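A.B. asks: Curious how this folds, go ahead:
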Amino acid sequence: METTHRVELGDARDLPLADDSVDLVVTSPPYPMIEMWDEAFAAMDEEVAVALAAGDGRAAFEAMHAVLDEAWAELERVLRPGGIACVNVGDATRTIDRFRVYPNHARVLSAFESLGFDPLPDVLWRKPANSAAKFMGSGMVPPNAYVTLEHEYVLVFRNGDRRSFEAGLDRRYEAAYFWEERNRWFSDVWTDVTGEPQALANDDVRDRSAAFPFEVPYRLITMYSVYGDTVLDPFWGTGTTSLAAMVAGRDSAGCERNPEFVQVFDDRVESAPALSESVVRERVERHREFVRKRQADGDDLGYEAVHYGTPVRTKQERRIRFYTVESVTETPDGYRATHRPLRDFDEI
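C.D. replies: Predicted coordinates:
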């Protein structure tokens, strides 16, 4: 199996993609009203700089989201009917005139609904606190202390009716996940995912505890796409979504304004073969442990995976198949990965 991974330098508001050409969107945009993104938003719309200079936080918040609104409209154009869009976003706290929270997740939700997307149940994932202090403000006496924001949202939307597939399609059933993975991943609160710092090409590191961790896009890609699908990240950053798509055996496309970020991916992509083996190994070992515990309790689980001979809980898991990245080569517009199927669990 081969997958392709296209990377474009450009603007998320003008994607170089055909209509209805993407099956899944997984992205984490710049968060409005987080100070580190002020300059980027102001470069795309001078109204942002004007509002900030005037100390008008509400106007700045809306101007920043107006920029994102144009990107969301492009997603509606390129995402196939029935396709899923997953948007990782956090709210912001900031003092402009006075302290308040800026509810980015609510504003993004409103924007997608206005485009005709159907909101689906979302996910909260717990990120590490920025400091040992669990509050902001006046400390031990009421009422002027504030809760520390320690979570982000994965907002999930569908573009119209559910996708349909031909009965028994191999690339869908091979992309199944284990029953116990379903139970963990499809929870609305993820407490086992942590943030990651974001390294830049000049070895600087953005000290952001919530930088998009690999586990988030990997889970979402596995949850909401099948082998052969194309996954888009219009706010590509350092390519975490493309790396996750590569490891998951899906095609990907990314768009990024900052060439420095793109350079980082040249180094990251070299890790894809080893990373894919590590990810598959962890999934296999988790399943083995699940089976051991169930069999110790006298549960035979009821079915067997045809490619691996392991017991599984449901009939839908029987054709599950894992692929690891064998090699990655550079192409004129990105990368091509070659994948090989895992023959049996003892390979890992």
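
A.B. asks: Sketch out the low-pLDDT regions of the protein for me.
C.D. replies: Residues of the chain meeting the criterion pLDDT under 70: 128-138, 194-211.

A.B. asks: quick one, helices of this structure?
C.D. replies: Along the chain, the stretches classed as helices by DSSP state H are 38-44, 46-53, 57-78, 104-114, 170-173, 179-185, 215-224, 240-248, 259-268, 272-296.

A.B. asks: The ones you listed: which one's closest to residue 90?
C.D. replies: The stretch from those with the least distance to residue 90 (Cβ to Cβ) is helix 104-114; that distance is 6.6 Å. Heads up, the C-betas are built off the backbone N, CA and C, glycines and all.

A.B. asks: Can you give me the domain boundaries for the chain?
C.D. replies: The chain breaks down into these domains under automatic domain parsing: 2-271, 276-343.

A.B. asks: which of those is buried the deepest?
C.D. replies: Of all the domains of the chain, domain 2-271 has the most neighbours on average by mean count of other Cβ atoms under 10 Å, namely a mean of 18.

A.B. asks: so where's the longest strand in this protein?
C.D. replies: Ranked by residue count under DSSP state E, the longest strand found in the chain is strand 79-89.

A.B. asks: What strands flank that strand, and is each parallel or antiparallel?
C.D. replies: Taking DSSP bridges as the criterion, strand 79-89 sits next to strand 22-27 (parallel), strand 151-158 (antiparallel) in its sheet.

A.B. asks: dump the residue contacts of residue 224.
C.D. replies: 24, 84, 86, 156 (Cβ atoms under 8 Å, 6 or more residues apart in numbering).

A.B. asks: The first one against residue 86, yeah?
C.D. replies: Yes: if you go by Cβ atoms under 8 Å, residue 24 and residue 86 touch, sitting 7.4 Å apart.

A.B. asks: Are there residues contacting both of these two? Which ones?
C.D. replies: What both residue 24 and residue 86 touch, as defined by Cβ under 8 Å, 6+ apart, is the set 220, 224.

A.B. asks: and the residue most central in space within the chain, how far is that from residue 88?
C.D. replies: Per Cα atoms, centre = their mean, the C-alpha nearest to the average position across the chain is that of residue 217, at 3.0 Å. The gap separating residue 217 from residue 88 is 8 Å, by Cβ to Cβ, to the nearest Å.

A.B. asks: repeat for residue 248
C.D. replies: Residue 248 is 16 Å from residue 88, by Cβ to Cβ.

A.B. asks: Next: residue 39.
C.D. replies: Remark: distance between residue 39 and residue 88 (Cβ to Cβ) = 21 Å.

A.B. asks: and if you look at residue 334?
C.D. replies: In terms of Cβ to Cβ, residue 334 sits 22 Å off from residue 88.

A.B. asks: before we move on, what about residue 173?
C.D. replies: Distance from residue 173 to residue 88, counting by Cβ to Cβ: 28 Å.

A.B. asks: Now do the shared contacts for residue 217 and residue 88.
C.D. replies: Taking Cβ under 8 Å, 6+ apart as the contact rule, residue 217 and residue 88 both touch residue 26.
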